[in-house]
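# Whatever this is, show me its structure:
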Amino acid sequence: MPIALIIDDDFQLRHMVSAMLQQQGFDTVDAASVDEGIRKARSSRPDVILCDKSLGEGDGFTILEALRADEELNTIPFIMMTGQHDTLRPSMNRGADDFLLKPFTRASLVTSVQTQLRKHQQRAAKLAESRARLLAVLETSPDFVATLRGDGTFMEINPAGLAMLGIPEGSSAPFPTLVEVRPDSHNTTTTQEILEAARKRGFWRGESLFRRLDGHILSVSQIIVSHRAPDGCTDFFSTNAHEIVDAKARQSASQLVHRALEWSSNGVAILDAATSACAIIYSNPAFDRSFGYPVGELQRQSRPFLEILKADPASIIALEGALSQGVEKRAIFQLEARPGTSSWSEIGLSPVRDAQGEVTHFVAVQYDVTRQKEAERERQLMEVQLREAQKLEAIGQLAAGIAHEINTPTQFIGDNAHFLKTAFADLGPILKGFRLLLERARQGPVEAALLDQLEATVRDADLDYLTREIPLAIQQSQEGVERVTNIVRAMKEFSHPGSSEKVPIDLNRAIEATQTIARNAWKHIADLELHLDPSLPPVPCFPAELNQVLLNLLVNATHAVEEAIESGQTTKGRIVISSALRDRQVEVRVSDNGAGIPDHVRHRIFEPHFTTKPIGKGTGQGLALARTVVHDKHGGTIRFESTVGVGTTFIIELPLSSPKRGKED
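Residues are numbered from 1 along each chain as shown. Next comes the predicted model:
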């Protein structure tokens, strides 16, 4: 009977989901917190896990990351339950197998759980079949096959390998090390040297002398392959070896190598290091075809290696240096083997040394990397499109904030206009009554009834209230119009069109415009103070780019303050923007009392795509863009001072005189 683990801090939801699944034949286990969920996952080993995204003191992502890091639990289907649409995509990106959007029905719950169980069972069955086939191949292989740790100690040896070494199958004795199997005293190269060669080139191939447990020496043809971890370092080695019985076996192996080279899709050439031009003494068909030559022509003519490449000067110089120094080198260049055709090739050069360590030959391996370059170009194009989409999204958010800022004064202008319309209607009868009173007074004595009627009209209209409130309504309307005018003026100044040349601008006004249009972002989070030097001279700059930098730093400070408020570090943020003139340079400081920048990430702050913000909050482009604009385009500097738990200050220094043209470019 399958087991389902339900993790949610809502008892009623846990009970409801448990009841639904129990009716479908599941055993259920439930947990109410992050720690309890991880503990019960390890103890109950469930077949499927349903976890709420929000768990009070933590969230479902913490559990998901902990389980995915556990080799014994990382394949369990994980379904994230959430009531927030914006967490669906992050859930899948972080490794969740499926999600359920609350509130969900019994049918959607059962369908999701059964679908994930079925997929898990299918994956497990395929993996078991694959492992069984691989194990069968290794078990029946007549060659010595083994895996080794990075230090050269064996982890596994197949039955043929145990038999070759004379080790009884099923022996409990520890495996010998590679140095013991392949003694340095019997071989021309040490075990350490061949392992280092495998690390550097990815593999080592050659002949070795193995010593069995009974002391008998075997001559074997051996290959050692380095298997790399994601960080590029060697994770482990694998080795394959077969015994060389006689010269006929050697000849057969040589023929096999020759056939493999002839049929290889990668180009391979052998260069004679004794010649000054490193002439090609062997090239396989793939190498000849890649460079536009008939098969065999390069070998017959002994053509100089660098002459046939037709690569860019930088690649030629790099490969020429490798040939003269006898070192390994790789170069990627665009290849035009035939008119109208173009591709990208990677050349890898490796020296071949004799027993004394002298370089006698070079092996050149050519790879067609056109697809990789095209994929890289597509990726770069996608990144550009992504940045443009992010810019549009930022513009949309900024426009929404500005619309909100304009909407508020517009509303009270409209309310005051409505009040003035009503007040004028109330004043109409009063004015009419006073006009009648004036006419009667000119004709003679005014009757008491007319005075009583006028007094009643004044009383009904509440003239004291109208004379008090009408000036206030007019004043507020004027203030609202001025506020809208300021916002529109700030938008106009902020959206200064880009130019190919620097123009002098009033930096203080640029700062004021930036804080005005971004007001909706910071006004509920922090108090913003401006300390601007009124004697600041005009600053030569690219206005549009510099406005974007100021906006990025202000938004960055707002997010830092918001993070500090959410963590309880402070209840109200404070952002201070100042400007000053210092030694023919203008200094702008943007300070906040946010969470501060941790020491371990400070060296990466200005890297593209790096961000400490949660998924969906930051792109990692803002500070990278700021550094590019300030440093590369304006010849200035940008740096920061930060104390964790206290806050951060970003400091921009801009020169008052334009640097040389080359520096701008």
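
# Could you use CA atoms for every contact and neighbour count after this?
Will do.

# OK, contacts around D30?
5-8, 14, 18, 37 (Cα atoms under 8 Å, 6 or more residues apart in numbering).

# sorry, that was for V352
359-363.

# May I see the PyMOL selection of the buried members of those?
To isolate the buried members of the contacts of V352 in PyMOL, using 16 or more other Cα atoms under 10 Å:
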select buried, resi 359+361+362+363
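
# want to try a markdown table for the contacts of V352, with secondary structure as columns?
Converted to a markdown table, the contacts of V352 look like this (DSSP: H, G, I helix; E, B strand; the rest coil):
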| residue | secondary structure |
| --- | --- |
| V359 | strand |
| T360 | strand |
| H361 | strand |
| F362 | strand |
| V363 | strand |
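
# what's the closest of the contacts of V352 to G58?
Using Cα to Cα, the shortest approach to G58 within these belongs to V363, at 56.6 Å.

# Just the element for the nearest residue to that closest one once chain neighbours are set aside, please.
Once flanking residues are discounted, V363 sits nearest to I270: 4.7 Å by Cα to Cα, 6 or more residues apart in numbering. Assigned by DSSP states H and E, I270 belongs to strand 267-272.

# I'd like the mean pLDDT over the following helix or strand past that strand, please.
Following strand 267-272 in sequence order, the next helix or strand is strand 280-283 (DSSP H and E). Summarised as a single mean, pLDDT over strand 280-283 is 87.

# swap in stretch 47-58?
pLDDT averaged over stretch 47-58 gives 87.

# likewise stretch 466-474?
83.

# And for that stretch, what's in contact with it?
With Cα under 8 Å, 6+ apart as the criterion, stretch 466-474 contacts 416-417, 419-420, 423.

# now what about the strand holding I270, what contacts it?
Taking Cα under 8 Å, 6+ apart as the rule, strand 267-272 contacts 261, 278-288, 290, 305, 360-367.

# let's see 6 Å
The contact list for strand 267-272, computed with Cα atoms under 6 Å, 6 or more residues apart in numbering, reads 278-284, 286-287, 361-366.

# tell me the SS of I167?
Taken by three-state DSSP, the conformation at I167 corresponds to coil.

# before we move on, back to that, can you pull up the bridge partners for the residue nearest to V363?
Y282, V363 (DSSP bridges).

# Next, work out how far apart it and L298 are.
11 Å (Cα to Cα, to the nearest Å).

# and what of L256?
22 Å.

# quick one: which of these two has more around it?
L298 (24 against 12; other Cα atoms under 10 Å).

# ok, the contacts of stretch 466-474 vs F26, which is closest?
N416 (65.5 Å).

# Not counting residues beside it along the chain, what's closest to the closest one?
Using Cα to Cα, 6+ apart, the closest residue to N416 is A473 (5.4 Å).

# Run a quick neighbour tally on that neighbour.
19.

# Tell me the secondary structure at it.
helix.

# Ok, L436 next?
helix.

# heads up, I number from 8, so please use that
Sure, I'll start numbering at 8, so the last one becomes L443.

# Near it, how many other residues are there?
Applying other Cα under 10 Å, I find that L443 has 13 neighbouring residues.

# ok, so what distance separates it from E454?
L443 is 12 Å from E454, by Cα to Cα.

# Equivalent analysis for V597, please.
For V597 relative to E454 (Cα to Cα), the value is 74 Å.

# Of these two, give the one with the bigger neighbour count.
Using other Cα under 10 Å as the criterion, V597 and E454 rank with V597 on top: 21 against 11.

# give the contact list for that one.
583-584, 656-657 are the contacts of V597 under Cα under 6 Å, 6+ apart.

# try it again with 10 Å
For V597, the contacting residues are 537, 557, 560-561, 563-564, 582-586, 647, 655-659, by Cα atoms under 10 Å, 6 or more residues apart in numbering.

# got the phi/psi numbers for it?
Backbone torsions for V597, taken as degrees, to the nearest 10, come to phi -120, psi 110.

# How many residues are close by V186?
Neighbours of V186 (other Cα under 10 Å): 16.

# how about the nearest residue to it, chain neighbours excluded?
Here the residue nearest V186, using Cα to Cα, 6+ apart, is T198, at 6.0 Å.

# Any buried residues in the helix or strand containing E214, and which?
Counting by DSSP H and E, the element that carries E214 is strand 210-218. For strand 210-218, the neighbour count (16+ other Cα under 10 Å) marks 210-212, 214-218 as buried.
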